[in-house]
Structures are given as structure tokens and as C-alpha cells.
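In: 3D model of this:
(one chain, ligands or ions: 1)
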Amino acid sequence: MINLTNLRFAWQKKDVINIEALDIKKAQHLFIEGPSGSGKSTLLNLLGGVLTPQNGNVTILGQSLNDLSSSQKDSFRANHIGFIFQQFNLIPYLSVLDNITLPCTFSTSRKEKALKRSNSLDEEAIRLLAALGLNDSELLQRSVNELSVGQQQRVAAARAMLGSPEIIIADEPTSALDSDHRQGFIKILFEECKKEDITLIFVSHDAALKHHFSHSINLQQINQVNFKESI
Ligand SMILES: Nc1ncnc2c1ncn2[C@@H]1O[C@H](COP(=O)(O)OP(=O)(O)OP(=O)(O)O)[C@@H](O)[C@H]1O
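Out: Numbering: from 1, shown residues only. Model prediction:
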């Protein structure tokens, strides 16, 4: 489902990503670890087509990202990938509910999938938030600026899950959560991914989370010469 071949990316001529071959099958849950600055966010941005490699290729669902224009990449990403970013990337002037339902503005397929599960997009957003432990109805109409960091993180997670994209890419999604919320967050993320056969790529410093995943890879290991892995 995700195939990386001879993938190379350098920031200012310094190689950060150099992967010979990595294939990730549908519905796998992959944990990628690596120290700060090792290139985890760079790799996720290559997977999402946000960055373009200097060499090699990322193929997702049979589509080579190199063959897409930047607007085609935007719509491909909107249809197939849910992102949970380290800094959340929520829109400050939109309410909590409008932030969560935003991907459906850009993707008809995700909208249709969301509406198969609930009667309206708002109802589906509320269902996901409740599963993530945010039940307070007063909170839904607030601007996202008025939420705590942990609450914002769960809003970002609900946005990524809405409409069940085939892939969820999560960059340090539990960093701002306390340990109770972290366990709850992982539980619902896995439940959603299992229900819909979503492929999950999850990056974290926190090695304690690794045991939840079917596969784990260290970024330094991926970047070694002759690395070839199929999971
Ligand atoms: N926009 C940029 N311009 C130049 N260099 C960059 C840029 N973004 C990242 N880098 C460099 O690329 C390397 C990898 O950065 P990246 O953010 O991918 O690491 P990371 O493993 O995600 O780190 P962290 O765990 O601290 O978030 C670092 O040395 C970083 O300084």
C-alpha cells in the first residue's frame, strides 16, 4: 500500500533520509522511533507528499507521488491521508467542530464515509471526540485557541480520523497528553484503525508506546545501506 524506493532527501546538502526499500501493507501499524533531529518529521512529510524527494519515489495505493502536480497531491492527500501533526495545525478562527469536519470540505469520499457512520458530520465529530474523552458540549462551540494543549491534540486526532482515510500519519501525537489520556488516545486510535483497516504510521520518541504496534523501526536503521523491509 505504501512503497518507498531509493528515497533520498537532503536539507542543505546534508542527507537526512536515505531509504533503499520499505513496503508497508494495508492495515499495518508501524511505529517509527528515532532521536530528535534524526528525520522523523521529514520522512512523514515525504510520505504525505508535502516534501518532494531529490531522488527516488513514494508510491501510495499504487499512485506514484512524483507523477502528481502539487494540486493533485493536495487532493490525493485530502482523500487518503489523515495527519496528526506535532503542532496540531488547527485553524484558530474555526470552532472545534468546524476544525474536525474540515477534511470533508476537501474530500467527497471522506464525507461519504463519515455520513455512513453518523447522520451528520457534526454528529460524527462529536462521536469521535467523545471516544477520545472530550464529552463537554460547551467546548464544541469554542474557538480552538481556548482549549488546553491536550484538548487540542484530541481535536487534531478526531480531524485525522473523520471519514476514515486509508492512512493515518501521526507525528508525536501523544506528547502533550498525561498518561491516562495517552492510553485512552492510543486505544481509540487503534480501534478506529482496526475497524476501518486503516494503515497507521506513528512517530514518537516515547519507546514505551512501541509494544502497542505490530511493527517498529528505528529511523537510523532505515537509513542504513541495503535496508529492505516489507511489513
Ligand atoms: N526546513 C528545514 N531547513 C533546514 N533543515 C531542516 C529543516 N527541517 C528540518 N531540518 C533538519 O533536518 C534534520 C531532521 O529534522 P526533522 O524535523 O525531520 O527531525 P525529527 O526526527 O522529526 O526531530 P524531532 O524529534 O526533534 O521533531 C534536522 O537536522 C533538522 O535540523
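
In: interface residues of the protein facing the ligand?
Out: 11-12, 16, 34, 36-42 (Cβ under 6 Å from any ligand atom). Bear in mind the C-beta positions are built from the backbone N, C-alpha and C, glycine included.

In: next, format these as a markdown table and append pLDDT.
Out: Listed next are the residues of the chain next to the ligand as a markdown table, based on pLDDT from 0 to 100:
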| residue | pLDDT |
| --- | --- |
| Trp11 | 93 |
| Gln12 | 89 |
| Val16 | 93 |
| Gly34 | 87 |
| Ser36 | 85 |
| Gly37 | 87 |
| Ser38 | 88 |
| Gly39 | 90 |
| Lys40 | 90 |
| Ser41 | 89 |
| Thr42 | 93 |
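
In: got TSV for the residues you listed, with neighbour count too?
Out: Formatted as TSV, the residues of the chain next to the ligand follow (neighbours: other Cβ atoms under 10 Å):
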residue	neighbour count
Trp11	11
Gln12	5
Val16	20
Gly34	19
Ser36	6
Gly37	9
Ser38	19
Gly39	23
Lys40	22
Ser41	17
Thr42	19
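
In: report the two of those separated the most.
Out: Using Cβ to Cβ, those span at most 19.6 Å, a distance reached by Gln12 and Gly34.

In: tell me, how many residues neighbour the residue nearest to Ser204 when sequence neighbours are not counted?
Out: Leaving aside its sequence neighbours, Ser204 sits nearest to Glu172 (Cβ to Cβ, 6 or more residues apart in numbering; 5.5 Å). Other residues near Glu172 come to 19 when the count uses other Cβ atoms under 10 Å.

In: my read: Glu172 touches Gln86, true?
Out: Yes - Glu172 lies in contact with Gln86 (Cβ atoms under 8 Å); the separation is 4.7 Å.

In: show me what contacts Gly133?
Out: 154, 181, 184-185 (Cβ atoms under 8 Å, 6 or more residues apart in numbering).

In: any idea how far the ligand is from it?
Out: 25 Å (Cβ to the nearest ligand atom, to the nearest Å).

In: tell me which residues in the longest helix anywhere in the chain are buried?
Out: Determined from DSSP state H, the single longest helix within the chain is helix 179-195. For helix 179-195, the neighbour count (16 or more other Cβ atoms under 10 Å) marks 181-182, 185-186, 188-190, 192-193 as buried.
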